[in-house]
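1. test case, fold it:
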Amino acid sequence: MAADPQVIPPKEPFYLDGPKDRSFELHFAWRVFRQFLKGFRQLHFIGPGITVFGSARFAEDHPYYILAREMGKRIAQAGFTTITGGGPGIMEAANRGAFENGGYSVGCNIQLPFEQKPNPYAHKSVTFEHFFVRKVLLVKYSYAFIIMPGGVGTMDEFFETLTLVQTKSIIQFPIVLVGKAYYQPIIDYMKFMVEQKTIGEHDMDLVCITDSVEEAMEHISKYIKANYISKPRKLLWWLFEKK
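-> Numbers count the residues shown, from 1 in each chain. Predicted coordinates:
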């Protein structure tokens, strides 16, 4: 019988195999644990941070790159660490703005076959194998989230972070969408979701949308001043810890 031309065989057929054997699953769990442990050790002393999400595809002469670079500068001036996904584009711009203006700059990179490579403006760079590990670390060490224009990955980071705030898994963390024209269709659809009662009307209040670095930082400062808690962290020599 000839193969059905409408059926496209998967490139990775092992994904359809179902559960793997116990030794494979144990090895996978151990690899994930090691990534988390590496992230915790590397980022424990970076200080309170603000994470900037955004596309890897904008060149340095693009208006959004320039805006993200200014955002990194303002984060540094506010005394916070700038945290990004560590790659090019928006991530590089935010790291660069902090790096060039006396701030601390951190990149949480991901292993990808294209686009993603560590940018040179991070004082500390950590590379992860899995997106979900990376996202946990980007949220864990942040006091606020700035979402610059980006693609599918940025949308994933935005909506996952918004879900965490909406469900009070993390509380009183400001989320700022930068780029009114870019994000207006998303906001319009969220208003449609309110009409359909799939989200609450108050959920719209969780997001500030702006084109202004000044407005973004004022919004973030308002939340942080009311909720900021800084806990001193001591180096433990017996854990071979270092800043």
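
2. can you show me the strands along this structure?
-> In the chain, the segments counted as strands under DSSP state E are 49-53, 81-84, 105-110, 124-128, 142-147, 175-178, 207-210.

3. give me whichever of those is most buried.
-> Here the criterion is mean neighbour count by mean count of other C-beta atoms under 10 Å, and of those the winner is strand 81-84, at a mean of 31. Heads up, the C-betas are built off the backbone N, CA and C, glycines and all.

4. make CSV from the strands of the chain and add mean pLDDT and distance to residue 72 to it.
-> Putting the strands of the chain into CSV (pLDDT from 0 to 100; distance: least, C-beta to C-beta, whole Å) gives the following:
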stretch, mean pLDDT, distance to residue 72
strand 49-53, 97, 7
strand 81-84, 97, 5
strand 105-110, 95, 7
strand 124-128, 93, 15
strand 142-147, 96, 10
strand 175-178, 97, 12
strand 207-210, 95, 16
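
5. residue 235: which of the ones you listed is closest?
-> The closest of those to residue 235 is strand 124-128. By C-beta to C-beta, the value is 15.2 Å.

6. picking up where we left off before, I'd like the strands of the chain written out as a markdown table, with distance to residue 194 added.
-> Formatted as a markdown table, the entries for those read as follows, by distance: least, C-beta to C-beta, whole Å:
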| stretch | distance to residue 194 |
| --- | --- |
| strand 49-53 | 24 |
| strand 81-84 | 31 |
| strand 105-110 | 33 |
| strand 124-128 | 35 |
| strand 142-147 | 19 |
| strand 175-178 | 16 |
| strand 207-210 | 12 |
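
7. select, out of these, the one closest to residue 70.
-> Shortest distance between residue 70 and the strands of the chain, using C-beta to C-beta, is found for strand 175-178: 10.3 Å.

8. given the closest one, what are its sheet partners and their directions?
-> Strand pairing for strand 175-178, using DSSP bridges, gives strand 142-147 (parallel), strand 207-210 (parallel).

9. out of those, which gets nearest to residue 110?
-> Distances from residue 110 to each of the strands paired with strand 175-178 were compared using C-beta to C-beta; the minimum, 16.8 Å, belongs to strand 142-147.

10. quick one: the closest one to strand 49-53, angle?
-> For strand 142-147 against strand 49-53, the angle between stretch directions is 20 degrees (axes from the mean of the first three to the mean of the last three C-alpha atoms, to 10 degrees).

11. on that earlier part again, CSV for the strands paired with strand 175-178, including distance to residue 105?
-> Formatted as CSV, the strands paired with strand 175-178 follow (distance: least, C-beta to C-beta, whole Å):
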stretch, distance to residue 105
strand 142-147, 14
strand 207-210, 23
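
12. relative to residue 195, which of the ones you listed is closest?
-> With distances scored as C-beta to C-beta, the stretch of the strands paired with strand 175-178 nearest to residue 195 is strand 207-210 (17.0 Å).

13. contacting residues around the closest one?
-> Contacts made with strand 207-210 from outside it, assessed by C-beta atoms under 8 Å, 6 or more residues apart in numbering, are listed as 162, 174, 175, 176, 177, 178, 180, 183, 187, 215, 216, 219.
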